[in-house]
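[1] Show me the folded form of this:
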Amino acid sequence: MQTTTHETAIAASGLRKSFGDKLVLDGIDLHVEKGTIFSLLGPNGAGKTTAVNILSTLISADAGEIRIAGHDVARQAQAVRAAIGVTGQFSAVDNLITGNENMLLMADLHHLSKAEGRRVAGELLERFDLVEAAGKPASTYSGGMKRRLDIAMTLVGDPSVIFLDEPTTGLDPRSRHTMWQIIRELVSGGTTVFLTTQYLEEADQLADRIAVLNNGKIAAEGTAEELKRLIPGGHIRLRFTAPDTYKNAAGKLREVSRDDEALTLQIPSGGSQRELRSILDWLDTHGIEADELTVHTPDLDDVFFALTAQPVPAQQNAPQNTEKENAR
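    Below you'll find the predicted structure:
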């Protein structure tokens, strides 16, 4: 198992879990630095929620060693529970009582005094812009408001590590972006966030590191940019409007794909600054001026498809600009 330091929030080694004859987690390793966002991606049924449930002490692993916030999950479960907060796929909000009553109930569960509970509840309701709705039944809240209340309730115990299991599922784009900002603010305050999500754009936007879980194993792990570089297909495209200039460039450039009808040349490239500068220098040296230069790089959709060998259902992608090009 990886040695835990004071900067490590989550460390797991050889994590295994089966349900009957179905192997869900097959010896996975996880390492999350303090004050970062770690995202676990995977197809539906890949074991993301099972991993969260094990790390948060809700269920036991069949094998493996786990330390959360410096505490051994198997031997110090109570200390782990005191250090973490969990927001699951389904809201823990009680719809029959008000937002404020939900907060005070959570304060009671954390054994806060009545005065301390009211203070903490008030501060969190204000922080999450729920003061005006605090006296209304939670059943009247929108989906975004309920998710904000859910996370506010999670923070009552001032956890150092928060597990967010698909926290934006079902939210509209505006509410999803609001939730992203909340998550960023949590981390800027020193909290560690372990995020599972079915929205690839969400992981791309938020996570410091990403792991892709498939068939019970970690298929790949790294930053979003590192994962994108695993997938071939990056290229630089040059577009011309003058046929003579196009033919001149096509005749001098090697290892390019031509589109004589569109007057475009496609040069294999990882999209690095060095490669881009080299192409620009080559064009200048030969007196060739392209009318448009665009850099195409794989995105997390491509990574996910390649690593899990199955397409991403359209409804699982967060609304986003479908253009995958950065015009230069």
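[2] V161 contacts G190, doesn't it?
    No. Applying C-beta atoms under 8 Å as the test, V161 and G190 come out as separate, 10.7 Å apart. In short, each C-beta sits where N, CA and C put it, glycine included.
[3] okay, those two: which has more neighbours?
    More neighbours surround V161 than the other of V161 and G190, with 21 against 9 (other C-beta atoms under 10 Å).
[4] Ramachandran coordinates for that one?
    As for V161, its main-chain torsions (degrees, to the nearest 10) stand at phi -130, psi 130.
[5] please renumber so the chain begins at 33
    All right, first residue 33 from here; so that's V193.
[6] Show me what it bridges to in the sheet.
    With beta bridges defined as DSSP bridges, V193 has these partners: I116, T224.
[7] Which pLDDT value goes with it?
    pLDDT for V193: 96.
[8] and what of E257?
    In this model, E257 is scored at 87, pLDDT.
[9] cool, and E234?
    With respect to pLDDT, E234 scores 92.
[10] can you check N358 too?
    N358 is given a pLDDT of 38.
[11] How about S301?
    Among the per-residue scores, S301 shows a pLDDT of 80.
[12] cool, and the one 4 residues further on?
    According to the predicted model, the pLDDT of Q305 comes to 82.
[13] So which residues make contact with the host helix or strand of E97?
    Using DSSP states H and E, E97 falls within strand 95-100. Under the contact criterion C-beta atoms under 8 Å, 6 or more residues apart in numbering, strand 95-100 has outside partners 33, 36, 40-48, 59, 86-87, 104-106, 112, 115-116, 193.
[14] Of these, which belong to helices?
    Cross-referencing the contacts of strand 95-100 against helices under DSSP state H gives I86, L87, V112, A115.
[15] In JSON lines: those residues, plus neighbour count.
    Converted to JSON lines, the ones in helices among the contacts of strand 95-100 look like this (neighbours: other C-beta atoms under 10 Å):
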{"residue": "I86", "neighbour count": "23"}
{"residue": "L87", "neighbour count": "25"}
{"residue": "V112", "neighbour count": "22"}
{"residue": "A115", "neighbour count": "19"}
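[16] related to what we said a few turns ago, from the contacts of strand 95-100, keep the buried residues only.
    Among the contacts of strand 95-100, those scoring as buried are 36, 40-45, 47-48, 86-87, 105, 112, 115-116, 193 (criterion: 16 or more other C-beta atoms under 10 Å).
[17] Rebuild the ones in helices among the contacts of strand 95-100 as TSV, extending it with distance to G202 and pLDDT.
    Output for the ones in helices among the contacts of strand 95-100, formatted as TSV (distance: C-beta to C-beta, whole Å; pLDDT from 0 to 100):
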residue	distance to G202	pLDDT
I86	25	95
L87	24	95
V112	29	95
A115	29	94
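[18] Out of these, flag the one nearest to W314.
    For the ones in helices among the contacts of strand 95-100, the closest approach to W314 (C-beta to C-beta) belongs to L87, at 50.7 Å.
[19] just checking, that closest one touches F195?
    Yes. Counting by C-beta under 8 Å, L87 does reach F195; the two are 6.6 Å apart.
[20] Between the two, which contacts overlap?
    With C-beta under 8 Å, 6+ apart as the test, L87 and F195 both reach F226.
[21] Which single one of the ones in helices among the contacts of strand 95-100 is nearest to D291?
    L87 (49.6 Å).
[22] For the closest residue in space to F272 that isn't next to it in sequence, give me its contacts.
    In space, F272 comes closest to Y278 once its chain neighbours are excluded; the distance is 3.9 Å by C-beta to C-beta, 6 or more residues apart in numbering. Listed by C-beta under 8 Å, 6+ apart, the contact partners of Y278 are F272, D292, L295, L297.
[23] Going by distance to R159, which of the residues you listed wins?
    L297 (52.9 Å).
[24] Find the helix or strand that that closest one is a member of.
    Secondary structure from DSSP H and E places L297 in strand 296-300.
[25] Buried ones in that strand, by neighbour count?
    Result for strand 296-300 [16+ other C-beta under 10 Å]: buried residues T296, L297, I299.
[26] In its sheet, which strands sit next to it, and in what direction?
    In its sheet, and by DSSP bridges, strand 296-300 pairs with strand 267-271 (antiparallel), strand 289-291 (antiparallel).
[27] how far out from the middle of the chain is it?
    Relative to the mean C-alpha coordinate of its chain, strand 296-300 is positioned 32 Å out (C-alpha atoms, centre = their mean, to the nearest Å).
[28] quick one: buried residues of the next helix or strand along the chain from that strand?
    The helix or strand immediately downstream of strand 296-300 is helix 305-317, counting by DSSP H and E. Neighbour counts using 16+ other C-beta under 10 Å place E307, L308, I311, L315 of helix 305-317 among the buried residues.
[29] try stretch 325-344
    For stretch 325-344, burial by neighbour count (16+ other C-beta under 10 Å) applies to 325-336, 338-340, 344.
[30] what's the burial count for the residue lying closest to K284 once chain neighbours are set aside?
    Leaving aside its sequence neighbours, K284 sits nearest to H318 (C-beta to C-beta, 6+ apart; 6.1 Å). For H318, the count of nearby residues is 12 (other C-beta under 10 Å).
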